[in-house]
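Student: using only what follows, build the 3D model:
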Amino acid sequence: MHVLVTGGGGFLGTYIVKALLRNNHFVSSLSRHHYPHLTELDVHQIQCDLSNADDLQKIDLSTYDAVIHTAALAGVWGDSKTYEKINYLGTINLVKKAKESGVKYFIYTSSPSVVFGKDDLAHADESTSYPGKYLTDYARTKAMAEKEILAASDDNFQAIALRPHLIWGPGDPHLIPRILEKAKAGKLKQVG
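Tutor: Next comes the predicted model:
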């Protein structure tokens, strides 16, 4: 298959790119930046800002069978307009372009936070409803995008939203380094 991975140079995206290559798929990465480690893997890189629809229109997606969309602005603090631009508008632009181009499969990396409001969740699954209010713009904009993606799904454009909870492992630039930093500074809190 020909697969486009958005955010292919990021932590999750790189693992997906490597897995696809191991399984002999043709892989391209679409990101705002160029990544030397993808060049070493001989991965075709496309630089584009997904929130710029005109920029995205210059890219031919008609040769791709699938898009795996991992690119996002994560975190709990920041400007709400920036979250909307990257997580919602960028995703909607990509879905529209992919569907127009005849891409058959669209896999969206969502978040469990799309169904979290203020109450604890137990045994949550895909039937869990979206909350009325979100605690962060990240969760709100990921939910907005997820709803649009799932609504766009049909027989010719099969879309799915995956909600992985906490992605970490070798090469993790976020969770483990922060825990180690806090531990070295004597600021790591242990509950219980």
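
Student: tell me the centre residue of the protein?
Tutor: The centroid of the chain falls nearest to Thr70 when counting by C-alpha atoms, centre = their mean (2.4 Å).

Student: any idea how far that one is from Ile86?
Tutor: Counting by C-beta to C-beta, to the nearest Å, the gap from Thr70 to Ile86 is 12 Å. For glycine as for every other residue, the C-beta is placed from the backbone atoms N, C-alpha and C.

Student: picking that back up, now do the contacts for the residue nearest to the centre of the chain.
Tutor: Thr70 makes contact with 5-8, 10, 12-13, 16, 109 under the criterion C-beta atoms under 8 Å, 6 or more residues apart in numbering.

Student: can you pick the most crowded of those?
Tutor: Gly8 (30 neighbours; other C-beta atoms under 10 Å).

Student: quick one, what contacts the residue nearest to Tyr105 when sequence neighbours are not counted?
Tutor: Closest residue to Tyr105 in three dimensions, ignoring its sequence neighbours and counting by C-beta to C-beta, 6 or more residues apart in numbering: Ala66, at 3.9 Å. By C-beta under 8 Å, 6+ apart, the contact list for Ala66 reads 1-4, 103-107.

Student: what do you get for His33?
Tutor: By C-beta under 8 Å, 6+ apart, the contact set of His33 is 9, 47.

Student: let me know the helix or strand that it is in.
Tutor: Per DSSP states H and E, His33 falls between elements, in no helix or strand.

Student: farthest-separated two in the contacts of Thr70?
Tutor: Taking C-beta to C-beta, the two most distant members of those are Gly8 and Thr109; they sit 12.0 Å apart.

Student: hmm, back to that, of the contacts of Thr70, closest to Thr91?
Tutor: Nearest member of those to Thr91, counting by C-beta to C-beta, is Thr6, at 8.9 Å.

Student: report the contact partners of that closest one.
Tutor: 13, 29-31, 50, 67-71, 94.

Student: Asp55 now?
Tutor: 48-49.

Student: next secondary structure after the helix or strand harbouring it?
Tutor: Secondary structure assignment for Asp55, by DSSP H and E: helix 53-57. Next helix or strand after helix 53-57 toward the C-terminus (DSSP H and E): strand 66-69.

Student: for that next one, what is the average pLDDT?
Tutor: Taken as a whole, strand 66-69 has a mean pLDDT of 98.

Student: narrow the contacts of Thr70 to those in strands?
Tutor: Those of the contacts of Thr70 mapping onto strands are 5-6, 109, per DSSP state E.

Student: now do the strands in the chain.
Tutor: Remark: strands assigned in the chain by DSSP E are 2-6, 26-31, 44-47, 66-69, 105-109, 158-162.

Student: wait, which of these is closest to Lys58?
Tutor: When the strands of the chain are ranked by proximity to Lys58 (C-beta to C-beta), strand 44-47 comes first, at 9.7 Å.

Student: that closest one pairs with which strands, and in what direction?
Tutor: Neighbouring strands of strand 44-47 in its sheet, by DSSP bridges, are strand 26-31 (parallel).
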